[in-house]
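Asker: A predicted structure for the sequence below; I have some questions about it.
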Amino acid sequence: MKSILIIALKEVQEGLRNRWVVAATALLATLALTLTFLGSAPTGNVGVEPLDIVIVSLSSLTIFLVPLIALLISHDALVGEVERGTMLLLLSYPLTRWQILLGKFIGHIAILAFATTIGYGLAAASLPLTGTSVNLGSLTAFAAMIGSSVVLGGVFVAIGYLISALSANRGSAAGVAIGVWLFFVLLFDMALLGVLVVDQGRVITASVLDAVLLFNPADVYRLLNLAGSGSVSMLAGMSGLADSSVLTAPALLAALAVWILLPLAFAGLAFSRREL
């Protein structure tokens, strides 16, 4: 365990030297603060909690931004070390490939957790500056949104490791990573929407739709945050989906956990068989 933590600390230190932590935190904080101050303006007219508007805005932002950040910091985590020759140096120490993989994963999760917590936390902390109050229910939903955002980042870090373990070089890994991001964030939902329009509910029932949505971690995250809370789901326009879905919050969290474990396991298997 000590060896894994040493590798994790190394990844965090490299992230600081590459300014990944600072850049990601500044980007998330800037966008979160912008959405907070712009989104809090209409709350007096529509009668909704200001933090609920922030949750809807940041959840939508997270689906696009956090997976991209996660893939950018993880797609070359393994193949990059191999190309630079530093992987052989690491393996010359009493370390196994699984320890290196898990240490890097923990380090990248720590980077994402720090950037997300600080960046999004500033949004909630700035709400009193707008003269609005925050109730406990909205604050709990906001904390859950931050936690699930980190988990979503963990999913795409694991996917990035799988890409890195299977790619021949950093260039091809970057190209595949962008393709994966486009598929899960944009193309999957566009294709599903087209199928739903054509099907008109004849084949794809509510239970089938729930099963299909589990194949996209971004949709699992969307269901967990935008359809999980009553006030948030009404504000996000997803109350109908929330009423018809049988997926509970524990089931959605379990789905995200599976999305982390499977790619990470396959990445470890591919990395263990890779010639260096």
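Answerer: Yep, that arrived.
Asker: got the contact list for residue 114?
Answerer: Neighbouring residues of residue 114 by C-beta atoms under 8 Å, 6 or more residues apart in numbering: 21, 25. Just so you know, the C-beta spots here come from the backbone N, C-alpha and C atoms, and that holds for glycine as well.
Asker: From residue 147, how far off is it?
Answerer: From residue 114 across to residue 147, the span is 13 Å (C-beta to C-beta, to the nearest Å).
Asker: Could I get the pLDDT score of residue 209?
Answerer: As predicted, residue 209 sits at a pLDDT of 84.
Asker: Next up, identify which helix or strand it is on.
Answerer: Assigned by DSSP states H and E, residue 209 belongs to helix 206-213.
Asker: and that helix, what other elements does it pack with?
Answerer: If contacts are counted by 3 or more C-beta pairs under 8 Å, 6 or more residues apart in numbering; DSSP states H and E, helix 206-213 sits against helix 217-226.
Asker: tell me the angle the helix it packs on makes with helix 206-213.
Answerer: 120 degrees (axes from the mean of the first three to the mean of the last three C-alpha atoms, to 10 degrees).
Asker: what ranges of the stretch 1-150 of the chain fall below the confidence cut-off?
Answerer: 38-51, 130-134 (pLDDT under 70).
Asker: all helices in it, in order from the N-terminus.
Answerer: Along the stretch 1-150 of the chain, counting by DSSP state H, counting those that start in this stretch, helices occupy 2-17, 20-39, 43-46, 50-74, 79-84, 86-91, 97-126, 136-166.
Asker: mind exporting the first one as CSV, just the C-alpha atoms?
Answerer: Output of helix 2-17 as CSV, limited to C-alpha atoms (Å, rounded to 0.1, in the frame of the first residue of the first chain):
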residue,chain,number,x,y,z
LYS,A,2,2.9,2.3,0.8
SER,A,3,4.3,1.9,-2.8
ILE,A,4,0.9,2.7,-4.3
LEU,A,5,0.7,5.9,-2.2
ILE,A,6,4.2,6.9,-3.3
ILE,A,7,3.2,6.6,-6.9
ALA,A,8,0.1,8.5,-6.2
LEU,A,9,2.1,11.3,-4.6
LYS,A,10,4.4,11.3,-7.6
GLU,A,11,1.4,11.8,-10.0
VAL,A,12,0.1,14.7,-7.9
GLN,A,13,3.6,16.4,-7.8
GLU,A,14,3.8,16.0,-11.6
GLY,A,15,0.4,17.5,-12.0
LEU,A,16,1.5,20.5,-10.0
ARG,A,17,4.6,20.9,-12.1
